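Student: fold the following.
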Amino acid sequence: MASLASALGLRAASFVPNNAPAFLGFHFLFAYGILSSRTLKQYYGIDHNESPREDLAKYGDAAVRSGKITARQLGMLRRNESAHANAVENYTLFVAAMAFATFARVEPQYVNRAGVVYTVARIAYGVVYILVDHPTWSQIRGLTWWTGNLSCLWLLWRAWGKLSEV
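Tutor: Next up, the predicted model:
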C-alpha cells in the first residue's frame, strides 16, 4: 500500500493507485449521510419522518416560540439543510471530474491530489456553512466552495489534455 506522500506524488513510488473510488464513496456518504439535516433535527426533537423536508418550514418557528429551540439553533438547522443540498448538488461535478480523469488516464497522483483538496475543502465548507452565522466569517464558505470546484475543474482540464493528445 502506497504512503499518502507517494499517493499524492510527493515522493517517488513504483506504483501509485488511483483512489477515485474511495473519494467517491466518501463523498456520497458525506453528502447524503453526514450532512443530512435529519440528524440535527432529530437531536433537537423537530424531525417528522412523514414529511421531513417540511420540518423547518412547518415546525421551526413554532419550536422557537415554544422554547424547544432557540432562533440561533433554527438558523443552524436551516444552514444545515442548505449545506446538505449543496453537497448533493456538487457531488455530480465531483463524480464527473473523477470519472473523466480516470477514463482519460490522468496520472493517479493528480487524481489523488485533487481528491484530497476537494475533500478538505468540502469538509471545511460544511463546517463553516453550518456553524458560522457571522456575515464576515461566512465568506470563508465561498472560498472553500471555489477551492473544491476548482480542484474538479482542474481535473477536467487535465482529462481534456489527455483526451486531446494524438
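Student: for the residue lying closest to residue 72 once chain neighbours are set aside, helix, strand, or coil?
Tutor: Nearest residue to residue 72 in three dimensions, chain neighbours excluded: residue 133, at 6.9 Å (C-beta to C-beta, 6 or more residues apart in numbering). (Glycine included, C-beta is placed from N, CA and C.) Under DSSP: H, G, I helix; E, B strand; the rest coil, residue 133 falls in the coil class.
Student: what of the one 4 residues further on?
Tutor: Assigned state for residue 137: coil (three-state reduction, three-state DSSP).
Student: what's the spacing between it and residue 143?
Tutor: With distances taken as C-beta to C-beta, to the nearest Å, residue 137 is found 11 Å from residue 143.
Student: contacting residues for the residue nearest to residue 72?
Tutor: Taking C-beta atoms under 8 Å, 6 or more residues apart in numbering as the criterion, residue 133 is in contact with 72, 75, 76, 79.
Student: redo those as JSON lines? Include pLDDT, secondary structure and neighbour count.
Tutor: Below are the contacts of residue 133 laid out as JSON lines (pLDDT from 0 to 100; DSSP: H, G, I helix; E, B strand; the rest coil; neighbours: other C-beta atoms under 10 Å):
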{"residue": "72", "pLDDT": "95", "secondary structure": "helix", "neighbour count": "10"}
{"residue": "75", "pLDDT": "95", "secondary structure": "helix", "neighbour count": "15"}
{"residue": "76", "pLDDT": "95", "secondary structure": "helix", "neighbour count": "19"}
{"residue": "79", "pLDDT": "96", "secondary structure": "helix", "neighbour count": "20"}
